[in-house]
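In: What follows is a predicted structure for the sequence shown.
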Amino acid sequence: MSKPRNPYSFPAMLRRGIITENPVLVQTLGMCPSLATSTSVSNAIGMGLSVTAILICSNVMISLLRKLIPDRIRIAAYITLIAGFVTAIEMLLNAYLPSLSESLGIFIPLIVVNCIILARAEAFAAKNTVYRSFKDGIAVGLGFTFALVLISSVRELLGSGTLLGFPVFGANYPDATLFLMAPGAFLVLGFVVAGFRKITAKKEGK
Amino acid sequence: MPRSYLRLFQAIVTLFIICAFVGGLVGAVNALTADRIFDLKLQKTEAAMRTVMPSGEIFNEIGDVSAYGFDSNVSAFYEALGSDSSCIGYCVEAKPTGFASQITVLVGLSFDGTVQGVVITDCSGETPGLGNRVAEPAFTAQFNGKGATLAFSGGGAPAANEVSAISGATYSSRGVYEGVSSCIRAAISYTNANGGEAK
Amino acid sequence: MNEKKHMFFVSPSPHFHDPEDTRSVMLDVIIALLPAVCLGIYFFGLRALTLCIVSVTACVVFEYLFQRITRQRSTVYDLSAVVTGILIVLCVPAHIPYWMIIVADFFAIVIAKQLFGGIGQNFMNPALVGRVFLFSWASWFSAYPATLTTSGAGRLPVLGDVAMINGAPDILSSATPLASLKQGILPVDFTLRDLFLGNVAGSIGEVSAFILLIGGLYLLMRGVISIRIPLCFIGTVALLNFVFPAGSGSRLSWALYAILSGGLMLGAIFMATDYATSPVTPVGQIIYGIGCGLITYVIRRFGAYNEGVAFSILIMNTIVWSIDKLSAPRRFGGLRGGARQPRPEEGEVSK
């Protein structure tokens, strides 16, 4: 007789956050930064990890205060907390990683309105313990990062011929700049989501 | 005390605590990083100015430029001081409109408005592969040595005082030209206003 | 019973079959395009021919492979892939590299056409989508080769590709008439006669209005296209340039130069009239043609690009569904827009 699996164990939560309930590829949340910051893999990793950091902080904080925040003002409270953390992260990035801060530009402050963070706050952190919320922050944040890395690898490879800055196709690669711009972003996103769902559906089927 | 008042009180207190916490957090991080951010910005601007004015050591920003009647797209004016602390030229920054956005142009100039160097510090809003090629040295080097007679060539081989556009990026190229022209005029009017500093 | 005497075949309608099917329509289009292809080869050299062969082959191969991989019945015999291949070649300049036209073919056939369900199900003109995708490599389109009839023009390489020097293709180029019109000046290097016959720089198939009109006439006579869309499209562009000329010169000149320059003839006759992506109703077609003409004028006059035909057709493609809906004919006894009459309530007298 097998032990019943704990749905809140770290591996189970990781699996949900990255694969079965991936915020970008399955829940289609957080589309705007996914499209805008996925022009290169390094940008994607930077953005993804920033969002993960903020997600962890906001999840933990909101979980700590969940019994204290009255229902009527919860959105105002969440946004204030998230904005605070985002501002702090923005300043830290400006000071210690200025090149990343420059490439991500306005999308760092826009993390405040990233629906993933508010969604996890509402759906999970407000109803679960601090430790679980902490794990959830990591899992969903890594899922977001994973999705962004997937999309940006295609876009960077086709659009600049490089991966993480290393030229893969040699110096004479004619950059398909469409993929670095908005239409290419949508195209790649569509195909990546389709491919991801196909692969995960197959696995679930088995 | 009615429960509704209690609830209201609780809401106020909670929000107050949250705002105090956030305020404290942001304040603390700011205190930690503000100086460093300022230094980094300064370094970046100075590095850009050194590329257009290699012999400049110190760059003094001239704060109040209203008296000189600069064009509206000139955003900053610096005097470049050499190793002997005398003024050897100017660095002027302009933000003309390109094709889709403002382009930030930094020009090193001598007293009579002759261009020593041009560098594009920000053309991220232009079309990748076309408009943002104005940042390439092949384009910006055209401006070197040109002065008040600078003109823009729409097509064909440029004359001695003309710069030609990057084919397919006419608006961006013209924007940069407008910016450099404004900087040249700014340098000349500054020199004239200061009695024609000779060097 | 003598079977030979009483040979009555009993079957449901239809009892008369028109021999026209997709393949015959496509054959007619190919015939109509052939003169333009030949003239393109005359003006731009053998490379135009090899590009055409590569393009058609690639289109057919991609369609066949896609249908094979997705286990569908192969429809390459209806020749629609061939038509797409020819159309793409006609709207590119002759100096683009072979890999680029293959990429355009892939995008047009696989993504714009097959992924949406194959012929008849696409909502955007595949050839134009393929062409517009090539703007990823915009620097290749910053110069257009001069025709071989221009003095000093070198032949474009047939094997291998043209090199890029300093971000521009290494060809002898001349300014296209559209570039001149964009500056607000009537072209001085080309006369109207040049534009009509095709002695100008441009894409392989767009230069000669004359030969395209001949092709269009053939299609009209064969009943493949109706005159509504091309007439409204070209007419609107001409009218707008007549009423609002972009520079000095006679209004008539502006109107004529505008309709003879660029890809307007090619687009209006061969691309805008594509069955799957244009409206079905006559009124709808008129609206569509006028809309295309309007957007083309606006892009040419106020937009950043010299040519607006491709974009205008694609933009109008996206609203064809609503044009069809708005212009649906009234059902006999029904309300406007093809809706049903509301059922009368109990006791109400029906209108």
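Out: Alright, I've got the coordinates. Since the structure is predicted, the reported quantities are computational estimates derived from the model, not experimental observations.
In: can you confirm B:Ile120 is in a helix?
Out: No: following the definition DSSP: H, G, I helix; E, B strand; the rest coil, B:Ile120 is strand and is not counted among the residues of a helix.
In: my guess is it contacts B:Val105, does it?
Out: Yes: the pair B:Ile120 / B:Val105 is scored as a contact, 5.9 Å apart, by CB atoms under 8 Å. Every residue, glycine included, has its C-beta placed from N, CA and C.
In: for the helix of greatest length in chain A, the distance to its chain's centre please.
Out: When secondary structure is assigned using DSSP state H, the longest helix within chain A turns out to be helix A:130-160. The gap between the average C-alpha position of helix A:130-160 and the chain average comes to 5 Å, counting by CA atoms, centre = their mean, to the nearest Å.
In: what sits up against the helix or strand following that helix?
Out: Next along the chain after helix A:130-160, taking DSSP states H and E as the criterion, comes strand A:162-163. Under the criterion CB atoms under 8 Å, 6 or more residues apart in numbering or on different chains, residues A:Ser40, A:Val41, A:Ser153, A:Glu156, A:Leu157, A:Val168 lie in contact with strand A:162-163.
In: Format these as CSV; extra columns: neighbour count, distance to chain B and pLDDT.
Out: Converted to CSV, the contacts of strand A:162-163 look like this (neighbours: other CB atoms under 10 Å in any protein chain shown; distance: CB to the nearest CB, whole Å; pLDDT from 0 to 100):
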residue, neighbour count, distance to chain B, pLDDT
A:Ser40, 22, 12, 90
A:Val41, 23, 17, 93
A:Ser153, 18, 18, 94
A:Glu156, 24, 12, 93
A:Leu157, 18, 15, 92
A:Val168, 12, 18, 83
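In: before we move on, which element is the closest residue to chain B within the stretch 201-350 of chain C in?
Out: Of the stretch 201-350 of chain C, the residue with the smallest distance to chain B, taken as CB to the nearest CB, is C:Ala304 at 6.6 Å. Using DSSP H and E, C:Ala304 maps to neither a helix nor a strand.
In: what's near enough to touch the residue in chain C positioned nearest to chain A?
Out: When scored by CB to the nearest CB, chain C has C:Ser136 as its residue closest to chain A, at 3.6 Å. Each residue near C:Ser136 by CB under 8 Å, 6+ apart is listed here: A:Asp175, A:Ala176, A:Thr177, A:Leu178, A:Phe179, A:Gly184.
In: Count the neighbours of the fourth one for me.
Out: Other residues near A:Leu178 come to 24 when the count uses other CB atoms under 10 Å in any protein chain shown.
In: cool, and the fifth one?
Out: Residues lying near A:Phe179 (other CB under 10 Å) number 21.
In: Look at B:Val176 and give its secondary structure.
Out: Three states are possible here, and by three-state DSSP the one that applies to B:Val176 is helix.
In: my bad, B:Gly108
Out: Remark: B:Gly108 carries the secondary structure label strand [criterion: three-state DSSP].
In: tell me which residues in the helix or strand hosting A:Thr200 are buried?
Out: In this structure, A:Thr200 sits in helix A:182-205 according to DSSP H and E. Of the residues in helix A:182-205, those with enough neighbours to count as buried (16 or more other CB atoms under 10 Å in any protein chain shown) are A:Gly184, A:Ala185, A:Leu187, A:Val188, A:Leu189, A:Val192, A:Val193, A:Phe196.
In: What residues does chain A have near chain C?
Out: Taking CB under 8 Å from any CB of the partner chain as the measure of proximity, chain A contacts chain C at A:Pro174, A:Asp175, A:Ala176, A:Thr177, A:Leu178, A:Phe179, A:Gly184.
In: burial measure for the residue nearest to A:Gly30 when sequence neighbours are not counted, as a count.
Out: Counting by CB to CB, 6 or more residues apart in numbering or on different chains, A:Gly30 lies nearest to A:Ile116, which is 4.3 Å off, once chain neighbours are set aside. A count of neighbours around A:Ile116, defined by other CB under 10 Å, yields 22.
In: before we move on, back to that, just confirm the residue of chain C closest to chain A is within a helix.
Out: Yes: going by three-state DSSP, the assignment for C:Ser136 places it inside a helix.
In: Quick check: it vs C:Pro93, distance?
Out: When CB to CB, to the nearest Å is the yardstick, C:Ser136 and C:Pro93 sit 15 Å from each other.
In: do A:Phe124 as well
Out: As for A:Phe124, its distance to C:Pro93 is 56 Å (criterion: CB to CB).
In: From the neighbour counts alone, determine which of those two ranks first.
Out: Relative neighbour count places C:Pro93 above the other of A:Phe124 and C:Pro93, with 24 against 20, counting by other CB under 10 Å.
In: For the stretch 51-200 of chain C, which residues are neighbours of chain A?
Out: Applying CB under 8 Å from any CB, we find that the stretch 51-200 of chain C lies next to chain A at C:Met100, C:Phe133, C:Phe135, C:Ser136, C:Trp137, C:Ala138.
In: before we move on, the earlier item: same list as before, the contacts of C:Ser136 that is, but in a markdown table and with distance to C:Gln67 included.
Out: Converted to a markdown table, those look like this (distance: CB to CB, whole Å):
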| residue | distance to C:Gln67 |
| --- | --- |
| A:Asp175 | 31 |
| A:Ala176 | 26 |
| A:Thr177 | 31 |
| A:Leu178 | 26 |
| A:Phe179 | 26 |
| A:Gly184 | 26 |
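In: between those residues, which is closest to chain B?
Out: Compare each of the contacts of C:Ser136 with chain B using CB to the nearest CB and the shortest gap goes to A:Thr177, at 4.1 Å.
In: So which residues make contact with the helix or strand encompassing C:Ile41?
Out: For C:Ile41, the host element (DSSP H and E) is helix C:22-44. Contacts of helix C:22-44 from elsewhere in the structure, counted by CB under 8 Å, 6+ apart, are C:48-49, C:52, C:77-80, C:82-83, C:86-87, C:89-90, C:94, C:119, C:145, C:147-149, C:156, C:198-199, C:204-205, C:207-208, C:211-212, C:214-216, C:218-219, C:222, C:224, C:266, C:270.
In: Run through the neighbouring helices and strands of the helix or strand following that helix.
Out: Using DSSP H and E, the helix or strand that directly follows helix C:22-44 along the chain is helix C:46-69. Under the contact definition 3 or more CB pairs under 8 Å, 6 or more residues apart in numbering or on different chains; DSSP states H and E, helix C:46-69 sits against helix C:22-44, helix C:80-90, helix C:98-106.
In: Would you indicate which residues of helix C:46-69 are buried?
Out: Counting neighbours by 16+ other CB under 10 Å, one finds that the buried residues in helix C:46-69 are C:47-52, C:54-56, C:58-63, C:66-67.
In: what's the angle between it and helix C:80-90?
Out: For the pair helix C:46-69 and helix C:80-90, the angle between their directions (axes from the mean of the first three to the mean of the last three CA atoms, to 10 degrees) equals 150 degrees.
In: Relative to the whole chain's centre, how far out is helix C:46-69?
Out: For helix C:46-69, the distance from its own C-alpha centre to the chain's C-alpha centre is 18 Å (CA atoms, centre = their mean).
In: how far away is the nearest residue to B:Ala148 once chain neighbours are set aside from B:Thr121?
Out: Beyond its immediate neighbours in the sequence, the residue positioned closest to B:Ala148 (CB to CB, 6+ apart) is B:Gly113, lying 5.2 Å away. Here B:Gly113 is placed at a distance of 21 Å from B:Thr121 (CB to CB).
In: Next, the contact list for the spatially most central residue of chain B, please.
Out: The C-alpha lying nearest the average C-alpha coordinate of chain B belongs to B:Glu93 (CA atoms, centre = their mean; 4.0 Å). For B:Glu93, the contacting residues are B:Val74, B:Ser75, B:Ala76, B:Phe77, B:Tyr78, B:Thr104, B:Val105, B:Leu106, B:Val107, B:Thr121, B:Cys183, by CB under 8 Å, 6+ apart.
In: can you rerun that using 6 Å?
Out: Shown in contact with B:Glu93 (CB atoms under 6 Å, 6 or more residues apart in numbering or on different chains): B:Ser75, B:Ala76, B:Leu106.
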